[in-house]
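Enquirer: Structure for the following, please:
(one chain, ligands or ions: 1)
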Amino acid sequence: MNPILQAQTNHKSIRQYTQQPIDDALLKQLIQAAQGAASSSFIQAYSLIQVSNKDNRQKMAALAGGQKWVESAAEFLVICADLTRVEHCSIEQGLGELEGNTEHFIAATTDATFFAQNLMLGAESVGLGAVFIGGIRNDPAQVADILNLPKHVYPIFGLCLGYPDAQPDIKPRLPVDVILHKDSYDSRRCAENVKAYDAQMQAYYQSRGDNQKTSNWSEQTAAAVQKKKREHMLSFLQQQGFLKR
Ligand SMILES: Cc1cc2nc3c(=O)[nH]c(=O)nc-3n(C[C@H](O)[C@H](O)[C@H](O)COP(=O)(O)O)c2cc1C
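Expert: Here you go, the predicted structure:
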């Protein structure tokens, strides 16, 4: 396997870090490299906020549900979908304000997400550890307030970065045959596929180095979508100027 495929396969979220800071020049280089991600119509509709202020880190760790790694990571970046520059261009070119189209929301969200995944992988390639923090969407209005986010910007997730002080096990993914459909969608084997993966994940959860549990993928997944409905998201996004039509 070449080093990129190896890095992709070796990914694991890191939530424990040493005290070692990340060199500014390295962080800038990682961000610049991540910008090489593809961008829908080349709109580059994202920004990131580097949160260094300790109080603000503390607030975000708390609102994310007490995730202490938000405070302890060397860096905490909030990845935002950002259509402000796109709207500026549109107005300047005499084409008017953005209207909150769902398609623009999708483009900005995917742009930001591809950038973020590139950033995570780049960081891992130089020996850093990382974890995304969707927990900030527990209270996106407070995050927007703390970070002074204008209209047409919304925080998608945070990203903790730091030098790893733990090496958790790699989580086995769904088999390729389960996610790859040939020519048309095949829903016939959903139940048996999930059952087989449940057995694999149950064995993994029972045998991994830390945080062992007697559970499987179905239980975890069903509980996760129940717990994280975040009913406030639609009205928050609409307030920020997204998803109006
Ligand atoms: C969009 C997104 C949001 C996430 N939010 C959190 C989070 O708030 N806290 C956390 O500890 N992990 C978070 N994660 C990490 C996932 O739990 C993790 O990627 C998943 O369990 C697979 O484990 P692995 O990354 O170690 O392979 C998030 C991942 C993604 C992609």
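Enquirer: got a list of what the residue of the chain found nearest the ligand touches?
Expert: Across the chain, the shortest distance to the ligand (C-beta to the nearest ligand atom) belongs to residue 134, at 3.0 Å. C-beta coordinates here come from the backbone N, C-alpha and C atoms, glycine included. Applying C-beta atoms under 8 Å, 6 or more residues apart in numbering to residue 134 gives the contacts 157, 228.
Enquirer: could you measure it against residue 217, distance?
Expert: Between residue 134 and residue 217 the computed distance is 18 Å (C-beta to C-beta, to the nearest Å).
Enquirer: What of residue 170?
Expert: Taking C-beta to C-beta, one finds residue 170 at 15 Å from residue 217.
Enquirer: try residue 42
Expert: Distance from residue 42 to residue 217, counting by C-beta to C-beta: 37 Å.
Enquirer: that older thread, residue 170 and residue 217: which has the busier surroundings?
Expert: residue 217 (20 against 12; other C-beta atoms under 10 Å).
Enquirer: Excluding residues flanking it in the chain, which one is nearest the more buried one?
Expert: residue 201 (4.2 Å; C-beta to C-beta, 6 or more residues apart in numbering).
Enquirer: chain center to the helix or strand where the one you found lies, what's the gap?
Expert: Per DSSP states H and E: residue 201 is located in helix 190-207. Distance of helix 190-207 from its chain centroid, counting by C-alpha atoms, centre = their mean, to the nearest Å, is 25 Å.
Enquirer: hmm, that helix touching the ligand?
Expert: No. Using C-beta under 6 Å from any ligand atom, helix 190-207 stays clear of the ligand, coming no nearer than 11.0 Å.
Enquirer: next SSE after that helix?
Expert: Counting by DSSP H and E, the next helix or strand C-terminal to helix 190-207 is helix 217-227.
Enquirer: From the rest of the structure, what touches that next one?
Expert: The contact list for helix 217-227 (C-beta under 8 Å, 6+ apart) reads 194, 197-198, 201.
Enquirer: Pick the one among those residues closest to residue 161.
Expert: residue 201 (27.4 Å; C-beta to C-beta).
Enquirer: ok, that closest one - contacts?
Expert: Applying C-beta under 8 Å, 6+ apart to residue 201 gives the contacts 172, 215-217, 220.
Enquirer: which of these are buried?
Expert: Neighbour-count burial (16 or more other C-beta atoms under 10 Å) is assigned, among the contacts of residue 201, to 216-217.
Enquirer: Widest-spaced pair of the contacts of residue 201?
Expert: Farthest pair in the contacts of residue 201 (C-beta to C-beta) is 172 and 215. Separation: 14.3 Å.
Enquirer: Check which residues of the host helix or strand of residue 48 are buried.
Expert: Here residue 48 sits within strand 46-50, counting by DSSP H and E. Residues 46-49 are the ones in strand 46-50 that count as buried (16+ other C-beta under 10 Å).
Enquirer: Excluding residues flanking it in the chain, which one is nearest residue 110?
Expert: Computed as C-beta to C-beta, 6+ apart, the closest residue to residue 110 that is not its neighbour in sequence is residue 40, at 6.2 Å.
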